[in-house]
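*Asks:* below are the sequence and a predicted model; questions follow.
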Number of protein chains: 2
Amino acid sequence: MATVSRALNGRDNVAAEVRAHVQAVATRLRYVPHSAARSLITRRTQTIGALLPDMHGEFFSELIRGIDKAARAQGYHLLLSSSHGDADETAAALQAMLGRVDGLLIMSPHADPGFIEQHLPEDLPAILLNPVRGHTRLSALAVDNRAGAYAMTQHLVHRGYREIVLITGPKGNLDSEERLQGCLDALHDLLPEAVPQIVSGDFSEESGYRAGSLIARQSARPQAIFAANDSMAIGCLFALTEAGLRVPDDIALAGFDDIPTARFTQPPLTTVRVRIADLGGRALDQLLAAIANGGSAQQHSVQMLAPELVLRASCGMHSHAAAAPTHNPDTVSKKRAQAGPDARRTPHPAPKHR
Amino acid sequence: MATVSRALNGRDNVAAEVRAHVQAVATRLRYVPHSAARSLITRRTQTIGALLPDMHGEFFSELIRGIDKAARAQGYHLLLSSSHGDADETAAALQAMLGRVDGLLIMSPHADPGFIEQHLPEDLPAILLNPVRGHTRLSALAVDNRAGAYAMTQHLVHRGYREIVLITGPKGNLDSEERLQGCLDALHDLLPEAVPQIVSGDFSEESGYRAGSLIARQSARPQAIFAANDSMAIGCLFALTEAGLRVPDDIALAGFDDIPTARFTQPPLTTVRVRIADLGGRALDQLLAAIANGGSAQQHSVQMLAPELVLRASCGMHSHAAAAPTHNPDTVSKKRAQAGPDARRTPHPAPKHR
DNA sequence: AAGCATTCTGGAAACGTTTACATTCCACGC
DNA sequence: GCGTGGAATGTAAACGTTTCCAGAATGCTT
């Protein structure tokens, strides 16, 4: 028994001959170790849990892909729990995961410090995937919305656009607010005398359409529109096109996220690329590092993921060509956002098994 | 110990008073039963595994959502393993799940009978989520591509379109082939004298764009285009618009899938709605039924999910109105596809816990 | 009052692994 | 020849539940 365990787990103190024999027999009998029994004694499940909100579309799938890939690379499994409406549901889902995971990746609008304090055991490593409001003992990873919005606004100003309209996301949404703030900061820094015009939206394509209609009807049309996400930008684009305005000749347009459709609109959409899969992967790496650390030395660190500008025809790049998707290599401008003082790149810990 | 177990698990043979006390103490101590220990003795993990291919976008997230929601509703957890490139990776992922799940949902291009035979233990309940090629001992669930394509083609013909071009998906892809077959069947039944024109694509927006350009340049333009998925339809729409053709006045267009963007294009896209989340949810229900059955009585059944037509402006519905997304109620035509002889709706088994 | 059925409780085995510890074996140096 | 040390292997405890079974307590029947 003991020898079998040692042989299969690759310990060194077992004769080569015996090991070979054990392995041969094991494969012949299609032996699979009982993971519950193993977990019982090792106190490890080799599984991490992901607690996600009710999400749709590309963002969700990219995030999962990033997490899953990173997890598998390190021999970990992924226990998924998505689509939680309210805080109680989230709490229940967290509760249900408790014995089953070695660590937790949490992305939830309800994951405020009070919630964490109340529902998350002290000794369970966890990483937050939210823009963080207030302090918490947990580390967090987030997209640097402000840096992205700042950079895009800067780009628009540098291209000569002066009157820029901002279409915001829903009130109370942190991503939305940070993006707005980044725009305002840039406008304040670069065009101090300008009065920013703001149209409120809610991240939906429909709200972008409404905003676009509104803007198209204005007597004094702005020169550029910066929507807080791509969906709204695309809705807006439909409205503008419908109103007979040409983008970017009559009005420039930019979005945020770089969803796949962005490069196939007519004209292709200038936007801010968010590497979502990368975000998930990094979060997982950091979580595994915390687990390897015994969960004790969980320094509070907030890491920002710098987005990149993706410049396409909708803001005037290549505007002379009727850009076909085929012949439309993106112009990408990498923009390193300055990260917080305690942010740092988490080193990849060595894989634990095989 | 025994009494505590009984009290917490809601067995009947424990005094009400004692149970109350046990529960009080348990919550006070934040006691969470150790799932590994429980699994060890019960031989149940309360977890089902999902083995998915490397997928992008909305389809993936919808599928997960459906599975996850159904699983949670029945007190099951979801262990996810996605993004497997080749058959070996898939096999490894399957292997790694073996001890950890009570059942498996498999969607993989490699899940042919031979693969299943070789890698899946006999006694592990599993459901296939593929269009099935060849026979296997497993039950399967799939979208009824042929019925959907047939219905859409029928609709186009009924609207008076005679020359219809089909844009196909990638060669060898079963969804693609089934959809094509559905179209051809309908054309054969309804317009026996017509010679179907086929342009090949690969499900990508770009290939749709290329197909659209090609069609726009033709001297004898067809009256309608039916793309095998929405992405290609949208790419095609861009190409047509760019070429100065109006949809649907100059040419009608239809897609397949009803991805979210479909209702926001200009004009909104007529398409075949595939209820992906529903597919996932049903698959899970069927799997749990098989698990409850002890996995022994796994009758081989193939269940088809009937898609619905979603009629929007791109094929001429409401074509008089410049349809704004806001004022664009979908016209949905439910079309029950005739299911296979042994197909049936799986009843929901009662939840096992809480 | 004794026997019996019923309800509740507690003791202990069992699940399948890992690992601390004990044992065996062999080679080596004294 | 004997102790010492190291490598390989075996023994048994431990992990935290559930469940079988025995036993205690209670009420009911005869």
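*Replies:* Done, it's in. Residues are numbered from 1 along each chain as shown, chains lettered A, B, ... in the order given.
*Asks:* in three-state terms, label A:Met155 for me.
*Replies:* Residue A:155: His, not Met. Classification of A:His155 by DSSP: H, G, I helix; E, B strand; the rest coil places it in helix.
*Asks:* wait, doesn't it sit right on A:Glu308?
*Replies:* No. Applying CB atoms under 8 Å as the test, A:His155 and A:Glu308 come out as separate, 11.3 Å apart. The way it works is simple: take the backbone N, C-alpha and C, and place the C-beta from them, glycine included.
*Asks:* now do the buried residues in stretch A:212-229.
*Replies:* Within stretch A:212-229, the residues that count as buried by 16 or more other CB atoms under 10 Å in any protein chain shown are A:Gly212, A:Ser213, A:Ile215, A:Ala216, A:Pro222, A:Gln223, A:Ala224, A:Ile225, A:Phe226, A:Ala227, A:Ala228, A:Asn229.
*Asks:* using the three-state scheme, assign the closest residue to the second one other than its chain neighbours.
*Replies:* Counting by CB to CB, 6 or more residues apart in numbering or on different chains, the nearest residue to A:Ser213 once its immediate chain neighbours are dropped is A:Ala239, at 4.5 Å. Each residue gets one of three states, and A:Ala239 gets helix by three-state DSSP.
*Asks:* just the pLDDT at A:Ala239, thanks.
*Replies:* We have a pLDDT of 90 for A:Ala239.
*Asks:* run a quick neighbour tally on it.
*Replies:* When counting by other CB atoms under 10 Å in any protein chain shown, one arrives at 23 neighbours for A:Ala239.
*Asks:* just checking, it touches A:Ala216?
*Replies:* Yes. In this structure, A:Ala239 is within contact of A:Ala216 by CB under 8 Å, at 6.2 Å.
*Asks:* packing partners for the helix or strand A:Glu177 falls within?
*Replies:* Secondary-structure assignment from DSSP states H and E places A:Glu177 in helix A:174-190. Helices and strands touching helix A:174-190, by 3 or more CB pairs under 8 Å, 6 or more residues apart in numbering or on different chains; DSSP states H and E, are helix A:145-158, strand A:164-168.
*Asks:* ok, 10 Å please
*Replies:* Counting contacts by 3 or more CB pairs under 10 Å, 6 or more residues apart in numbering or on different chains; DSSP states H and E, helix A:174-190 is packed against strand A:139-143, helix A:145-158, strand A:164-168, strand A:197-200, strand A:224-227.
*Asks:* which parts of the stretch 1-150 of chain A sit against DNA strand C?
*Replies:* Contacts of the stretch 1-150 of chain A with DNA strand C, taken as CB under 7 Å from any atom of the strand, map to A:1-2, A:4-6, A:8-9, A:31-34, A:37-38, A:40-42.
*Asks:* ramachandran angles for A:Ser301?
*Replies:* The phi and psi values for A:Ser301, taken as degrees, to the nearest 10, are phi -140, psi 140.
*Asks:* scratch that, A:Gly160
*Replies:* With angles defined as degrees, to the nearest 10, A:Gly160 shows backbone torsions of phi 100, psi 0.
*Asks:* on that earlier part again, in CSV: the helices and strands packed on helix A:174-190, plus mean pLDDT.
*Replies:* Formatted as CSV, those follow (pLDDT from 0 to 100):
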stretch, mean pLDDT
strand A:139-143, 90
helix A:145-158, 96
strand A:164-168, 97
strand A:197-200, 96
strand A:224-227, 98
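*Asks:* looking at the ones you listed, which is buried most?
*Replies:* Comparing those by mean neighbour count (mean count of other CB atoms under 10 Å in any protein chain shown), strand A:224-227 ranks first with a mean of 30.
*Asks:* partner strands of that strand, with direction?
*Replies:* If you go by DSSP bridges, strand A:224-227 pairs up with strand A:164-168 (parallel), strand A:252-254 (parallel).
*Asks:* so what's A:Ser39 closest to, chain neighbours aside?
*Replies:* B:Ala36 (3.7 Å).
*Asks:* that neighbour and A:Asp102 touch, don't they?
*Replies:* No. If you go by CB atoms under 10 Å, B:Ala36 and A:Asp102 don't touch, sitting 11.6 Å apart.
*Asks:* what residues are shared contacts of the two?
*Replies:* Shared contacts of B:Ala36 and A:Asp102, defined by CB atoms under 10 Å, 6 or more residues apart in numbering or on different chains, comprise A:Ser39, A:Arg43, A:Arg44, A:Thr45.
*Asks:* the residue of chain A found nearest DNA strand D: neighbour count?
*Replies:* Per CB to the nearest atom of the strand, A:Ala2 is where chain A lies closest to DNA strand D, at 3.0 Å. For A:Ala2, the tally of surrounding residues (other CB under 10 Å) stands at 8.
*Asks:* just A:Gly99 next, same as before
*Replies:* 16.
*Asks:* can you check the one 10 residues further on too?
*Replies:* A:Pro109: 17 surrounding residues under other CB under 10 Å.
*Asks:* does it touch A:Glu89 like I think?
*Replies:* No. With contact defined as CB under 10 Å, A:Pro109 does not count as touching A:Glu89 (11.8 Å).
*Asks:* could you report the distance from the residue lying closest to A:Arg179 once chain neighbours are set aside to chain B?
*Replies:* Using CB to CB, 6+ apart and skipping residues adjacent in sequence, the residue nearest A:Arg179 is A:Ala149, 4.3 Å away. For A:Ala149, the distance to chain B equals 24 Å [CB to the nearest CB, to the nearest Å].
*Asks:* check A:Arg137 too.
*Replies:* A:Arg137 is 17 Å from chain B, by CB to the nearest CB.
*Asks:* repeat for A:Ala306
*Replies:* Remark: distance between A:Ala306 and chain B (CB to the nearest CB) = 23 Å.
*Asks:* per-residue confidence at that residue?
*Replies:* Per-residue confidence (pLDDT) for A:Ala306: 89.
*Asks:* A:Gly244 now?
*Replies:* 88.
*Asks:* from what I can see it touches A:Ile251, true?
*Replies:* No. When contacts are counted by CB under 10 Å, A:Gly244 is not listed as touching A:Ile251 (11.3 Å).
*Asks:* show me the residues around A:Pro121 that make contact.
*Replies:* Contacts of A:Pro121 by CB under 10 Å, 6+ apart are A:Leu94, A:Leu98, A:Leu104, A:Gly295, B:Arg30, B:Val32.
*Asks:* give me that answer again for 7 Å
*Replies:* A:Pro121 is in contact with A:Leu98, counting by CB atoms under 7 Å, 6 or more residues apart in numbering or on different chains.
*Asks:* got the domain ranges for chain A?
*Replies:* A:2-33, A:45-143+A:277-305, A:145-274+A:307-333 (automatic domain parsing).
*Asks:* stretch A:21-35: end-to-end distance?
*Replies:* 22 Å (CA to CA, to the nearest Å).
*Asks:* for A:Ala254, give the beta-bridge partners.
*Replies:* A:Phe226, A:Thr270.
*Asks:* that one and A:Leu166, how far apart?
*Replies:* According to CB to CB, to the nearest Å, A:Ala254 stands 10 Å off from A:Leu166.
*Asks:* need the residues touching each of the two.
*Replies:* With CB under 7 Å, 6+ apart as the test, A:Ala254 and A:Leu166 both reach A:Phe226.
*Asks:* next one, pLDDT for the closest residue to A:Arg6 other than its chain neighbours please.
*Replies:* In space, and not counting its chain neighbours, A:Arg6 is closest to A:Val14: 4.7 Å by CB to CB, 6+ apart. With respect to pLDDT, A:Val14 has a value of 83.
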